[in-house]
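In: take a look and give me a structure for this.
(chains A and B)
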Amino acid sequence: MSIEVALIDFPKLQEQITTRLLAPYNAHIRPVDHNEAAACLNLFDLALFFWPDIGADAVARLEQIRENDRAKDVPIVLVSSETGKRNAEASMGKGVAFEFLLTPLQPHVVVRKLATILGSHKEPLTFWLDADYVNPFISATLDTLKQMASIECERTGLFARTEAVAKGAISGTMGLSGAAEGFVSITFNDTLARKIVCRMLQIEPGQESDADIRDTVGELMNIIAGAAKADLANTAHSFQLSFPTVIMGGAHSVGQLRGVPVIVIEFVAEEETFEVMVCLMPRKEA
Amino acid sequence: MAILIVDDSTTMRRIVKRCLDEMGLELLEATDGLQALKIIAEKHDRIQLIILDWNVPGMTGREVLQSVRSDPDSKGIPVMMLTSEADQAFVLEALRAGVQNYLTKPFDPKVLTTKIQESLMQSAKAQ
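Out: Numbers count the residues shown, from 1 in each chain, chains lettered A, B, ... in the order given. Reported below is the predicted structural model:
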């Protein structure tokens, strides 16, 4: 079941950012001004009220909204920058709102806070995985390793991560753009990366160089993204490829769209775990 | 007799080389379009097949193909596309632009060997 969220008095840019941040969740977003909110807040499960840095009497607006008795149980969360924070927090003591979020909005903070609020009123926010765009990356990964390296692998996990931090020794990553934008990456530990390289190049273990490993992981990323791209052509998630980048050494960050969670696909091959991260969001029409 | 591969991936060139070693063929290598055209200009009389990645740095595969087709010395050399662009639209574009054969990545190396043999046989028949 989706939740109805009102964005009250949000500037356009903040409205776009917040809408995008909540898009993967089962939330139906509607921007309204404070007059509309006063008349119809009872139609929503939750409201975010944008506290202005200067000007306009935000407390008066909130009190006007709260005059609607039918909406007295709808939680209102104030959203403010550091500049407006003190006044926003002071207003919470007047009973017009009971929670606060600081801009720039951090996805994991917003989701956690909203889930806590809604947990006492409605079903908590749940993350909705769009299998339509994940499956091509899964099948591309399985096919690529099987055909190019004669390695059978199995998908063992699928979950969301708020930050694109790769947990492995080496990642191939590629930015994606087009009807959808984002990135995809593949991350191996050192042992599995070397096994894959030796199988693809048909060389003995120990003969592989760091340059071989970098080039092979980059090429694998290229192939997997290309295969997924073909499956997603002519859909809302279609994209163009860029050139892959390879990152080596410890836990490392790969590219991430602001406010868009990262889908992590976990695999096992040759008794080692590796992961593919996908972050892909259709662009909105201008 | 030699085959030219145009691909910026060392891994891919090594995989192709292994296939050609098994067939007893010499491999010439180019990492980008400009280098490929230079090699073709110097050795076109020995090149029996060009294996071309559609996305190479500098020049697109289409641009390389157009240059090859517009040069009287090289226009008869068959071109096989080997690419990660598995999208049907790309394949059709390449076929219309004049590639004789294509193989999309990922691929089984045995299939690559078969495709190379096909391309060489087609080339021999045409001569």
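In: report the central residue of chain B.
Out: By Cα atoms, centre = their mean, chain B has its centre lying nearest to B:I51, at 1.3 Å.
In: so which elements touch the host helix or strand of it?
Out: Using DSSP states H and E, the element containing B:I51 is strand B:47-52. Counting contacts by 3 or more Cβ pairs under 8 Å, 6 or more residues apart in numbering or on different chains; DSSP states H and E, strand B:47-52 packs against strand B:2-6, helix B:33-43, helix B:61-70, strand B:79-83, helix B:109-126. The C-beta positions use only the backbone N, C-alpha and C, and glycine is treated the same way.
In: how about the residues of the stretch 51-200 of chain A by chain B?
Out: A:D143, A:T144, A:K146, A:Q147, A:M148, A:V197, A:M200 (Cβ under 8 Å from any Cβ of the partner chain).
In: so which of the residues you listed is the most crowded?
Out: A:T144 (27 neighbours; other Cβ atoms under 10 Å in any protein chain shown).
In: what does the model give that residue for pLDDT?
Out: We note a pLDDT of 96 for A:T144 in this prediction.
In: so it, which of the three states?
Out: Classification of A:T144 using DSSP: H, G, I helix; E, B strand; the rest coil returns helix.
In: would you agree it is in contact with A:N222?
Out: No. Taking Cβ atoms under 8 Å as the definition, A:T144 is not a contact partner of A:N222, at 9.8 Å.
In: what's the overlap in contacts for the two?
Out: B:K105 (Cβ atoms under 8 Å, 6 or more residues apart in numbering or on different chains).
In: about what we covered before: sheet-wise, list the partners of the strand holding B:I51 with their directions.
Out: Applying DSSP bridges to the sheet, strand B:47-52 is found paired with strand B:2-6 (parallel), strand B:79-83 (parallel).
In: that older thread, any chance of CSV for the helices and strands packed on strand B:47-52, columns distance to B:V16, mean pLDDT and mean neighbour count?
Out: Shown next, in CSV, are the helices and strands packed on strand B:47-52 (distance: least, Cβ to Cβ, whole Å; pLDDT from 0 to 100; neighbours: other Cβ atoms under 10 Å in any protein chain shown):
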stretch, distance to B:V16, mean pLDDT, mean neighbour count
strand B:2-6, 5, 95, 23
helix B:33-43, 14, 95, 17
helix B:61-70, 15, 91, 18
strand B:79-83, 8, 92, 24
helix B:109-126, 7, 84, 14
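In: would CSV of those with distance to A:L48 be doable?
Out: Listed next are those as CSV, based on distance: least, Cβ to Cβ, whole Å:
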stretch, distance to A:L48
strand B:2-6, 54
helix B:33-43, 52
helix B:61-70, 49
strand B:79-83, 47
helix B:109-126, 55
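In: so which of those gets nearest A:P205?
Out: helix B:109-126 (19.3 Å; Cβ to Cβ).
In: which neighbouring elements make contact with the strand or helix carrying A:E63?
Out: Applying DSSP H and E as the criterion places A:E63 in helix A:58-66. For helix A:58-66, the packing partners by 3+ Cβ pairs under 8 Å, 6+ apart come out as helix A:34-40, strand A:46-50, helix A:85-92.
In: and the angle for it with strand A:46-50?
Out: 160 degrees (axes from the mean of the first three to the mean of the last three Cα atoms, to 10 degrees).
In: can you give me the angle helix A:58-66 makes with helix A:85-92?
Out: Using the same axes, to 10 degrees: helix A:58-66 against helix A:85-92 is 40 degrees.
In: could you list the residues in contact with the very next helix or strand once past helix A:58-66?
Out: Following helix A:58-66 in sequence order, the next helix or strand is strand A:76-80 (DSSP H and E). Residues outside strand A:76-80 that contact it (Cβ under 8 Å, 6+ apart) are A:8, A:10, A:14, A:18, A:46-51, A:53, A:62, A:65, A:87-89, A:91-92, A:96-103, A:105, A:113-114, A:117.
In: report the buried members of those residues.
Out: A:8, A:10, A:14, A:18, A:46-51, A:62, A:65, A:87-88, A:91-92, A:96-97, A:99-103, A:105, A:113-114, A:117 (16 or more other Cβ atoms under 10 Å in any protein chain shown).
In: name the residues of the strand or helix carrying A:R20 that come out as buried.
Out: Using DSSP H and E, A:R20 maps to helix A:12-22. Neighbour-count burial for helix A:12-22, with 16+ other Cβ under 10 Å as criterion, is recorded at A:Q14, A:E15, A:I17, A:T18, A:T19, A:R20, A:L21, A:L22.
In: which of the residues you listed lies closest to chain B?
Out: The closest of the buried residues of helix A:12-22 to chain B turns out to be A:R20 (Cβ to the nearest Cβ; 27.0 Å).
In: residues near the residue of chain B found nearest chain A, how many?
Out: Of all residues in chain B, the one sitting closest to chain A is B:S84 (3.0 Å; Cβ to the nearest Cβ). For B:S84, the number of neighbouring residues by other Cβ under 10 Å comes to 27.
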